[in-house]
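Asks: When you get a sec, could you give me coordinates for this:
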Amino acid sequence: MESPGLKQKRHPKRWIHAIGVLAVGASLLVPLVYVDASAATMYSYIDEHGTPVFTNDFNTIPERYRARVKTTEEASTAPQKSSTTNAVNEHISGWVGQLRTKVSSTVPAIAGLSSSQSEILTFAGFAAVILLAAMTLSKGQGIRLLALWGLIMLGIATPVLMYVSNDGPMDVLKNKASQVEKQRQDRVQQIP
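Replies: From the prediction side, this is the model:
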């Protein structure tokens, strides 16, 4: 029979081992999810808010915009990856694009916020509920600490993401600044 002190000493080692396995697993998956920035074909369209949207995956474009899509061919300057990695990357990118389209269509429109801000706030709310449940229901200090850290990071990241999102305050300020600059240039053109 083990003494309680010996049992407590092995518990942190299991957490350290589990975190190490997760870190190694994540480092092996990161290259597979790598998205090649120099794609051969780029698609662009203007959404309902007048915002230009660029993508390299035609499947991520909503049906209502596909008739107005502009296609641009680019020469790839990056070295080609192996065909297996390309196939996995395309499969994951397509799956993520389909999942994002499905999830974005189910996000409720929150009054006073743009669609991207509503999406950010909805996902942050779901994440906060999951982290609070993990903190409340977990018996382990490690899980509670990680959940608390996640909540703190979520509390910092959510307002920042909402500020820099499409049609967020930063976007509005950029539009106003460009209008003021255009008016200034028009006035300079009028001076003889």
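Asks: got the CA positions of stretch 176-191 in CSV?
Replies: Provided in CSV are the C-alpha atoms of stretch 176-191 (Å, rounded to 0.1, in the frame of the first residue of the first chain):
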residue,chain,number,x,y,z
LYS,A,176,-12.9,58.3,-41.7
ALA,A,177,-9.2,59.0,-42.0
SER,A,178,-9.2,58.0,-45.7
GLN,A,179,-12.3,60.2,-46.3
VAL,A,180,-10.5,63.2,-44.6
GLU,A,181,-7.4,62.5,-46.6
LYS,A,182,-9.4,62.4,-49.9
GLN,A,183,-11.1,65.7,-49.0
ARG,A,184,-7.7,67.2,-48.2
GLN,A,185,-6.3,66.0,-51.6
ASP,A,186,-9.4,67.4,-53.4
ARG,A,187,-8.8,70.8,-51.8
VAL,A,188,-5.1,70.7,-52.7
GLN,A,189,-6.1,69.9,-56.3
GLN,A,190,-8.5,72.9,-56.4
ILE,A,191,-5.8,75.4,-55.4
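Asks: ok now that stretch, how far from the chain's centre?
Replies: On the basis of Cα atoms, centre = their mean, to the nearest Å, stretch 176-191 is displaced by 35 Å from the centre of the chain it belongs to.
Asks: just stretch 48-62 next, same as before
Replies: The answer for stretch 48-62 is 15 Å, by Cα atoms, centre = their mean.
Asks: now swap in stretch 179-192 and tell me
Replies: Centre-to-centre, stretch 179-192 and its host chain are 38 Å apart (Cα atoms, centre = their mean).
Asks: again with stretch 102-111
Replies: Taking mean C-alpha positions (Cα atoms, centre = their mean), stretch 102-111 and its chain are 15 Å apart.
Asks: which residues are in contact with that stretch?
Replies: With Cβ atoms under 8 Å, 6 or more residues apart in numbering as the test, stretch 102-111 has contacts from S115, Q117, S118, E119, L121, T122, F123. The way it works is simple: take the backbone N, C-alpha and C, and place the C-beta from them, glycine included.
Asks: thought the fifth one was touching T158?
Replies: Yes. Counting by Cβ atoms under 8 Å, L121 does reach T158; the two are 7.1 Å apart.
Asks: What about the contacts of stretch 102-111, which one has the most neighbours?
Replies: Highest neighbour count within these: E119, with 22 neighbours (other Cβ atoms under 10 Å).
Asks: Just checking the distance from stretch 59-78 to the centre of its chain.
Replies: Distance, stretch centre to chain centre, for stretch 59-78: 20 Å (Cα atoms, centre = their mean).
Asks: List the residues that contact the residue nearest to H49 when sequence neighbours are not counted.
Replies: Distances taken as Cβ to Cβ, 6 or more residues apart in numbering place D167 nearest to H49, at 5.7 Å, with adjacent residues excluded. By Cβ under 8 Å, 6+ apart, D167 lies in contact with H49, T51, S114, S115, S116, Q117.
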